[in-house]
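Chemist: What follows is a protein structure lacking sequence information:
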């Protein structure tokens, strides 16, 4: 009986741990990955307007101080305002920028200020070959 109660308590604790609200840091990280993936999909989409090919590159690393300038540059890009997907992506980028500079500025540590690293992202070891 004690074993069953212990198992129930352990499973309950695991369920509670997985339903914890996201932290500010986890929200920034997930949103930056979501934006980067959406941008990649937009660039490779067949139904892409020609202006999308001219958009500034959008690889985001929230630990790089240059990400703030990268987000500002992307949001302020004057072209492609008629493409719905680009407008949605700009809104996500604007949200991430707001989160970075106001809500979560104390939760983030910038590890580098290498702006070139945001232009040519390094591939993870599994993608090199």
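Modeler: Sure thing, it's come through. Source: prediction; values computed, not measured. Numbering: from 1, shown residues only.
Chemist: Now the element after the helix or strand of the chain with the lowest mean pLDDT, going C-ward?
Modeler: Within the chain, no helix or strand scores below helix 2-18, which has a mean of 65 by mean pLDDT, DSSP states H and E. Tracing the chain past helix 2-18, the next element assigned as helix or strand by DSSP states H and E is helix 24-44.
Chemist: buried stuff in that following helix?
Modeler: Across helix 24-44, burial judged by 16 or more other Cβ atoms under 10 Å covers 27-29, 31-32, 35, 38-39, 42. Every residue, glycine included, has its C-beta placed from N, CA and C.
Chemist: and for it, what are the contacting residues?
Modeler: 22, 48, 52-53, 55, 58-62, 67, 85-86, 88-89, 92-93, 95-96, 99-100, 103-104, 107-108 (Cβ atoms under 8 Å, 6 or more residues apart in numbering).
Chemist: of the residues you listed, buried ones?
Modeler: Applying 16+ other Cβ under 10 Å to those flags 48, 52, 55, 58-62, 67, 85-86, 89, 92-93, 96, 99-100, 104, 108 as buried.
Chemist: Check the gap between the most centrally placed residue in the chain and residue 23 for me.
Modeler: For the chain, the residue nearest the mean C-alpha position is residue 32 (0.8 Å; Cα atoms, centre = their mean). Remark: distance between residue 32 and residue 23 (Cβ to Cβ, to the nearest Å) = 14 Å.
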